[in-house]
Structure formats: C-alpha cells, structure tokens
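Asker: Build me a model from this:
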Amino acid sequence: MKKLLFFLPLLLLNLTSFSQEHAWVYLKDKPSEATFLASPLTMLTQRALDRRTKQGIALDSKDVPIENSYYNQIKSASGITVLAKSKWLNAIHVLGQTSDINALTTNFTFIERIDFANKSLNAKGTVASRNKKVDQNHVNKFQSKMPTYNYGNAANQIEMLGGDYLHENGFTGSGIHIAVIDGGFPNVNTLPAFSRIRDNNQILGGYDFVNRSDNFYTGNSHGTHVLSDIAAYKDGEFIGTAPDASFYLFRTEDAANETPLEESLWVEAAERSDSLGVDVINTSLGYTTFDNPNYNYTYSDMDGKTTFITRGAEIGSSRGMLLVTSAGNSGNSAWKYISAPADASSVFTIGAVNALETIASFSSFGPTSDGRVKPDVLAQGQSVYIVNYISGNSVTSNGTSFSSPVIAGVLACFWQAFPNRTNTEIMDIIRKSADRFRNPTDQHGYGVPNFKSAFELTLSSDDVILESFKVFPNPVDDILTIKITEGNLNEYKLKIYTILGKQILNIDELKSKNVNVSNLKSGIYFLDIQKGNTNKVIKLIKK
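Answerer: As a prediction, the model looks like this:
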C-alpha cells in the first residue's frame, strides 16, 4: 500500500507534464512594418482604407501582418502545433506540452512573452482563480426553443426599435457590409428565405476557420438562425432588419467543443472582416467557461482588457468597425453576468426583452467587473422570430443570440442614413435614445432604443458645417478650392494628414479659397476642415 501511495503522485505528475496546453505566444516586433505601411493595399482592401479615411483613422503597426519568418520558426519548433494567429495582438496561438512551449522563449529572442490559457501555468498565475466554481453556461449557448414592407411574424421585433421607420425612409442597409461571426451557416445556400440575398449577390464570401475550409455553409445552425434576423426575406411572413445589406459569413465556433482556440479564430475572422472593409460585425457568441475548467474565466476577468477575444474586439472597434454582440443567456444561472467579448467597452452589447419590452429573465447582467454599464441596449430576444434552418419557416426562439442581430441590422440601416458618423458616434446616439438612458440598471443597461427618435434628432442637430463647404476638384492637381456657404472664410481651419496620420499641412485661419497642394506627392490623404468645435474629415486624392 505504501508503494502505491508513493507512485500515484508521480503518475499524476507525468500525466500532467505530457498534457497538451493552449497558449498565446506574443512577439516583440514587426520588422517589416515600414514596408507594409508604405503600401497599405498589401494589407487592406481599398474599401477598408476608405472606411478609415471616412472616420479619420490612421494606419498603425496593428494593421501589419505578423512577421512571416517568426511564424515559420515557431511553426517548425519541436512539439509545437500552430493553430491560429493575430496581427492585431501580434500573437500566435499554439498547442503543445508545457515544457515545449516554455522552451520557445529560450530558443527565440523575438518572443516577448507567453500566456497560457491555464493561468496557473503563467509566472503570475494562481490556481485559485481557475478553480472558482463557474456555471457551465456554454452548454446552452446554441439551445433554442422552436415552437410598404410586410414583415409578417418579424413585425414586432422590428417595429419595437423603429426599424420600420428607417426602412420607410429608404434605409434598408444598402451599401453596408456586415460580417456574421458564428457557429455555422447550413442551408443558407438553399433556403428560399435567403434567395433574395443570393440572387442579388449580397453574400460577398465567407470562410470556415474551424475546418480551414472555403465551405462556410456547414457547422451549427445557430449562425443560420442569427443571419435570418438580419437578412432573411419572405414577404408577408418574415423580413430581417437589414434586408439590403451585404454579408460575409465566418464560422469560428465549434459547437461540439469549447476551447480557447475559438477566441483566436474569432480574432482572425474579425481581422479578415477589417481587411475586407466590413462596417458591422455581429457576434452572437460568448466565452466564460471551457471543457477544461483550468481555462475558465472568472467575473474579475470580465473587465474589458483581460480575455484574448475582448482585447481583439477593442482593436476591431479602433479600426472603425461597429461590433455588436450578445450579452449572454446566464441571467438565471449562478454566473449571471455577461461574457467575453460583451465586456469590451467599445463593443455594443445587447440584452433581451420579450414582445412587451419586459426584460427576459435569462438576459445576462452587468456591470463589467470594473463597473461599466453593460448591456448597452436591449432588443427582443424572448419569443423572437427566426427562420428555421430545416423547414425554412419562421418560428420562435429565445436568446440574446437573436436580440443582437436584430439590433445589428437596424444599426446598419441607421449608419446608411448617417454615413459620416463614426462607429462610436453611432453607438452613443443609440444609447441616448434608449428608454433608461438616465437610469440604467444592471440587467437593462440603457434599455430599449428608439431609432425613429434617434434619426429625427440626428437629422435636425447635424452640424451645419457638414454641408457648409465644398472642396474641389477631388482628385486635385495643384490648387484645391474651398467654397463655403455659411460664415466667413477665416472662421475655418484646414489640416491635411497622410494616411498614416502624419500632419503635413496646417492652416489655422483660411485667408484664401485657393490652397496650393502642388508639393504633395500623389496618393490618398485626409483633409480635416474645422469650424469652432465642429469638423469634418474627407478623403483627398492627389493626382
């Protein structure tokens, strides 16, 4: 007996040492940064660059791909399997034995640090933070209970928000590109409810990151149901909230498993969305617990800066995209709180109400662990209608998974109406339109938004400067002419920036309507016109 007791701990130690662990390897630099920044189209599409220009967002090192030589060396390292990578976070997701992963820092000087998904393996990690009991809410993530525009069954969930008002005014998402990042899209390529977006070439592409496959019409039906709330069109039976938007469909979630890899795959999909010029991302996914409890997050991790997916989401927002995500369905559970990336400050987090605008009991609570209001706003997510992926009929379901796309589609229509607003301005306007804006609660957030009142208020209060000047010709050769329709010329200031954000011209007081730009090299610039506390940024092309 004594011999058995002696060898049992040794056996457990050996089993632990040979287990495969998930880890993120962070790199120190990007040696090819200058080369890529000098040629933006090698990193991003013109549409992506145009989105940056419209919002006055300069390129930076986060846009530059991971150094290929670093990636290849890590990929070739003994005992290491590379599963994903992120240029935004300059990190590579690897799987391997703890000893092999730790050996990377010895073998490669370009590694800044390594973070294990199991925090107890990190230098400052603690076992206690991982062993805290957390409700396994991911088990129910994809469960659902099935039982003018003629919206049919979708009328209430659209009209509750005033989305029908936007549609009546011609704003149906046209020209807006939406990426849906989810668990799969089976039958989107065959169901009649999606024939309109197929026939009109509104499905721009997609990718299955789980299987590394171009066939994205596979996986879990959750993504199909989510997409239907935005894009489906069956006149008289069901119409989504942005039927004329265009879509990219990305699968990052493996519904059968819950591993930290899914966070990395999501960041890859968000980076792909950015590079393609996507405007809005919908994410009806959330992460708190995993199949291996050593990877579980605690409430303290929901602080907007800890989880890999949340940090990636923050960068995605900083690129000018509007990220919309579900708050989570844990309101009735021991966990009860929002999940990642719903804790990100720059992500629009959506809770759920029923048809009478009463809070759904399952809708996850805020605030974030650092005290910020979450969710942001609410939409119908209890007894909400979706299109069933098998029958093609509209049926009811439950979950913030569906309140999120309902909102995402209406946001796309609203942004179509006010294309010169930034992503953060759009979110701020919609928060302020919500019925609990002045008295938010932990479960309601700011409440149910009113897009009709937001539209009317924004239309009436838009700064006059947005229409009070014209700049021509554009593209320009040597002389740029400024024509104003209000005020005096000397009330205006003019600045010109390179696409990398470097200021190359600053006129604090315009004295002439003609500005000499002959010294500028051919290319794309940002022109910032200011009057008082208001301004507008436009793209300027130098021939």
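Asker: show me the residues around Ala155 that make contact.
Answerer: Each residue near Ala155 by Cβ atoms under 8 Å, 6 or more residues apart in numbering is listed here: Asp164. Quick note: C-beta positions are derived from backbone N, CA and C, even for glycine.
Asker: rerun that using 6 Å as the cut-off
Answerer: If a contact means Cβ atoms under 6 Å, 6 or more residues apart in numbering, then Ala155 has no contacts.
Asker: cool, the one 10 residues further on as well?
Answerer: Listed by Cβ under 6 Å, 6+ apart, the contact partners of Tyr165 are Lys452.
Asker: Kindly report the same for Ser300.
Answerer: By Cβ under 6 Å, 6+ apart, the contact list for Ser300 reads Ser369.
Asker: before we move on, what about the one 4 residues further on?
Answerer: When the contact criterion is Cβ under 6 Å, 6+ apart, the partners of Gly304 are Asp343, Ala344, Ser345, Thr368.
Asker: Name the nearest residue to the first one, ignoring sequence neighbours.
Answerer: In other words, Asp343. Met302 (4.2 Å; Cβ to Cβ, 6 or more residues apart in numbering).
Asker: and what of the last one?
Answerer: Among residues not flanking Thr368 along the chain, Asp343 sits closest, at 4.7 Å (Cβ to Cβ, 6+ apart).
Asker: Count the residues that sit near Val410.
Answerer: Other residues within reach of Val410, judged by other Cβ atoms under 10 Å, total 31.
Asker: Please work out how many residues are found near Ile158.
Answerer: Neighbours around Ile158, by other Cβ under 10 Å: 26.
Asker: Spell out the residue ranges of the helices in the stretch 1-150 of the chain.
Answerer: Taking DSSP state H, counting those that start in this stretch, the helices of the stretch 1-150 of the chain run over residues 2-17, 33-38, 46-55, 68-75, 98-107, 127-131.
Asker: list the buried ones in the second one?
Answerer: Going back to what we said before, that points to helix 33-38. Phe36, Leu37 (16 or more other Cβ atoms under 10 Å).
Asker: Report the mean per-residue pLDDT for that helix.
Answerer: For helix 33-38, mean pLDDT is 96.
Asker: and what of the last one?
Answerer: Averaging pLDDT along helix 127-131 yields 40.
Asker: what's the answer for the fourth one, then?
Answerer: Along helix 68-75, the predicted local confidence has a mean pLDDT of 98.
Asker: What are the buried residues along that helix?
Answerer: For helix 68-75, the neighbour count (16+ other Cβ under 10 Å) marks Tyr70, Tyr71, Gln73, Ile74 as buried.
Asker: so where is the stretch 101-250 of the chain shaky, pLDDT-wise?
Answerer: Applying pLDDT under 70 to the stretch 101-250 of the chain flags residues 124-147.
Asker: Strands of that one, residue ranges please.
Answerer: Listed in chain order, the strands of the stretch 101-250 of the chain (DSSP state E, counting those that start in this stretch) span 111-116, 177-182, 203-208, 233-234, 238-239, 246-251.
Asker: so of those strands, which one's packed in deepest?
Answerer: With neighbours taken as mean count of other Cβ atoms under 10 Å, these reach their highest mean count in strand 177-182, at a mean of 28.
Asker: ok, that strand: who's next to it in the sheet?
Answerer: strand 246-251 (parallel), strand 280-283 (parallel) (DSSP bridges).
Asker: So what's the residue count around the closest residue to Gln530 other than its chain neighbours?
Answerer: The shortest distance from Gln530 to any non-neighbouring residue, by Cβ to Cβ, 6+ apart, is to Lys493 (4.2 Å). Neighbour count of Lys493, defined by other Cβ under 10 Å: 16.
Asker: Equivalent analysis for the one 3 residues further on, please.
Answerer: Using other Cβ under 10 Å, the number of residues around Ile496 comes to 20.
Asker: The one 10 residues further on now?
Answerer: As a burial measure, the neighbour count of Asn506 was computed by other Cβ under 10 Å and equals 11.
Asker: Please, which helix or strand holds it?
Answerer: Element membership of Asn506, judged by DSSP states H and E, is strand 503-507.
Asker: helices and strands around the helix or strand just after that strand, which ones?
Answerer: Note on strand 503-507: by DSSP H and E, the next helix or strand toward the C-terminus is strand 514-516. In this structure, strand 514-516 makes packing contacts with strand 479-484, judged by 3 or more Cβ pairs under 6 Å, 6 or more residues apart in numbering; DSSP states H and E.
Asker: before we move on, back to that, just confirm the residue nearest to Gln530 contacts Gly532, I think it does.
Answerer: No. Between Lys493 and Gly532 there is no contact under Cβ atoms under 6 Å: 9.5 Å.
Asker: OK, contacts around the residue nearest the centre of the chain?
Answerer: What sits nearest the mean C-alpha location of the chain, by Cα atoms, centre = their mean, is Leu323, with 3.4 Å. Counting by Cβ under 6 Å, 6+ apart, Leu323 touches Ile281, Ala313, Gly316, Ser317, Val347.
Asker: ok so, going back, which SSE is the residue nearest to Thr368 in?
Answerer: With DSSP H and E as the test, Asp343 turns up in no helix or strand.
Asker: hmm, back to that, among the contacts of Leu323, find me the one that's closest to Asn420.
Answerer: Closest approach to Asn420 among those (Cβ to Cβ): Ser317, at 18.0 Å.
Asker: for Pro243, what are its contacts?
Answerer: Thr172, Tyr233.
Asker: Could you double-check that Thr45 sits in contact with Ser273?
Answerer: No. Thr45 is beyond contact range of Ser273, at 10.9 Å (criterion: Cβ under 6 Å).
Asker: Looking at the two, which is more packed in?
Answerer: The residue with more neighbours, out of Thr45 and Ser273, is Ser273; 25 against 15, by other Cβ under 10 Å.
Asker: excluding its backbone neighbours, what's nearest Phe348?
Answerer: Spatially, and ignoring its direct neighbours in sequence, Phe348 is nearest to Val324 (4.7 Å; Cβ to Cβ, 6+ apart).
Asker: repeat for Leu166
Answerer: Using Cβ to Cβ, 6+ apart and skipping residues adjacent in sequence, the residue nearest Leu166 is Cys413, 4.3 Å away.
Asker: ok so the one you found is a helix residue?
Answerer: Yes. Using DSSP: H, G, I helix; E, B strand; the rest coil, the assignment for Cys413 is a helix.
Asker: wait, doesn't it sit right on Gly175?
Answerer: No. Cys413 is not in contact with Gly175 according to Cβ under 6 Å; the separation is 10.6 Å.
Asker: Please identify which of the two sits among more neighbours.
Answerer: Taking neighbours as other Cβ under 10 Å, Cys413 and Gly175 compare with Cys413 leading, 26 against 14.
Asker: What segments of the stretch 251-400 of the chain are strands?
Answerer: Under the criterion DSSP E, counting those that start in this stretch, the stretch 251-400 of the chain contains strands at 280-283, 322-326, 348-353, 377-380, 384-387, 394-397.
Asker: Report the inter-axis angle for the longest one versus strand 322-326.
Answerer: When you say that, I think you mean strand 348-353. 30 degrees (axes from the mean of the first three to the mean of the last three Cα atoms, to 10 degrees).
Asker: and strand 348-353, which residues are buried?
Answerer: Quick answer for strand 348-353 (16+ other Cβ under 10 Å): Phe348, Thr349, Ile350, Gly351, Ala352, Val353.
Asker: do the second one as well
Answerer: The neighbour-count criterion (16+ other Cβ under 10 Å) identifies Leu322, Leu323, Val324, Thr325, Ser326 as the buried residues of strand 322-326.
Asker: mind listing the helices for the stretch 251-400 of the chain?
Answerer: Assigned by DSSP H, counting those that start in this stretch, the helices in the stretch 251-400 of the chain fall at 261-276, 308-318, 400-417.
Asker: for the longest one, packing partners?
Answerer: Using 3+ Cβ pairs under 6 Å, 6+ apart as the contact criterion, the secondary-structure elements in contact with helix 400-417 are helix 222-231, strand 280-283, strand 322-326, strand 348-353, strand 377-380.
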